[in-house]
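Student: sequence first, predicted coordinates after that:
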Amino acid sequence: DAGVIQSPRHEVTEMGQEVTLRCKPISGHDYLFWYRQTMMRGLELLIYFNNNVPIDDSGMPEDRFSAKMPNASFSTLKIQPSEPRDSAVYFCASSLWSSNQPQHFGDGTRLSIL
Amino acid sequence: RKEVEQDPGPFNVPEGATVAFNCTYSNSASQSFFWYRQDCRKEPKLLMSVYSSGNEDGRFTAQLNRASQYISLLIRDSKLSDSATYLCVVNNGNNRLAFGKGNQVVVIP
């Protein structure tokens, strides 16, 4: 079975540039989550969707970050303009509905902003 | 207070020994609990769910203490392949998971 697919795996860009991260959740999963992981702050939830609708975006750091889910099989996380402090590993995860269902993570995107 | 707190370690464990660690959570209304494992430069993966009655999966045993709001993980007969970071995870409702920073385990030959 295909898991959560993220692209790109690595991204290196200069500050000020727009960055777009992509995610394809597991087919049939109702929920999609975007996380950011750094050494200092650990794994932080940025935003999550239920049936393509954003439910909680309280973790989005600021207006430079935006996320969309135009359909059940695709989501994007965009940073514009990017800054060096955005450097982190960004994970996408998906799950079925239910508080007891685990989340399945993609391989992550390692983002470096120079 | 952080939603989930863990002692980062590292926990250096001789091969074959037993290691145990806890995490505490702040929300008494938390609904479900998990341990995830994360290898270096990899994504987190579910290790096991944690049930109120405690549960065991091979060499791994998880316990939940709702009164004291902590979760524990015990690894028996440690293998070199158990070296990883173990993330304590709490579901605070609406499928919103809170992750601890993890307990780093290093199994030494």
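Tutor: Thanks, I have the structure now.
Student: tell me where the chain has helices.
Tutor: All of this is about chain A. Using DSSP state H, no helices are found in chain A.
Student: spell out which parts of it neighbour chain B.
Tutor: A:31, A:33, A:42-43, A:45, A:48, A:50, A:55-56, A:91, A:95, A:97-108 (Cβ under 8 Å from any Cβ of the partner chain). In short, each C-beta sits where N, CA and C put it, glycine included.
Student: of these, buried ones?
Tutor: For the residues of chain A next to chain B, a burial check counting by 16 or more other Cβ atoms under 10 Å in any protein chain shown picks out A:31, A:33, A:42-43, A:45, A:48, A:56, A:91, A:95, A:101-108.
Student: can you pull out the low-pLDDT segments for the chain?
Tutor: All of this is about chain A. The model of chain A has pLDDT under 70 over residues A:1, A:98-99.
Student: let's do chain B instead
Tutor: Applying pLDDT under 70 to chain B flags residues B:94-95.
Student: close to chain A: what parts of it are there?
Tutor: Within chain B, the residues that sit near chain A (Cβ under 8 Å from any Cβ) are B:31-32, B:34, B:42-46, B:49, B:87, B:91, B:93-102.
Student: recalculate using a threshold of 10 Å.
Tutor: Residues of chain B lying close to chain A by Cβ under 10 Å from any Cβ of the partner chain are B:2, B:4, B:6, B:8, B:30-34, B:36, B:38, B:41-49, B:51, B:85, B:87, B:89, B:91-102.
Student: what about burial for those, which qualify?
Tutor: For the residues of chain B next to chain A, a burial check counting by 16+ other Cβ under 10 Å picks out B:4, B:6, B:30, B:32-34, B:36, B:38, B:43-44, B:46-49, B:85, B:87, B:89, B:91-92, B:95-102.
Student: separation between the spatially closest residue to residue B:98 that is not a sequence neighbour and chain A?
Tutor: Counting by Cβ to Cβ, 6 or more residues apart in numbering or on different chains, the nearest residue to residue B:98 once its immediate chain neighbours are dropped is residue B:3, at 3.9 Å. Separation of residue B:3 from chain A (Cβ to the nearest Cβ, to the nearest Å): 10 Å.
Student: residue B:109 now?
Tutor: Applying Cβ to the nearest Cβ to residue B:109 and chain A gives a distance of 27 Å.
Student: skipping its backbone neighbours, what lies nearest that residue in space?
Tutor: Setting aside the residues directly before and after it, residue B:109 is nearest to residue B:15 in space (Cβ to Cβ, 6+ apart), at 5.5 Å.
Student: isn't that neighbour right up against residue B:77?
Tutor: Yes: between residue B:15 and residue B:77 a contact is recorded at 8.8 Å, counting by Cβ atoms under 10 Å.
Student: contacts only, for the residue nearest to the spatial centre of chain A.
Tutor: In chain A, the centroid-proximal residue (Cα atoms, centre = their mean) is residue A:34; its distance is 3.0 Å. By Cβ atoms under 10 Å, 6 or more residues apart in numbering or on different chains, the contact list for residue A:34 reads A:21, A:23, A:44-49, A:57, A:59-60, A:65, A:67, A:69, A:75-77, A:90-93.
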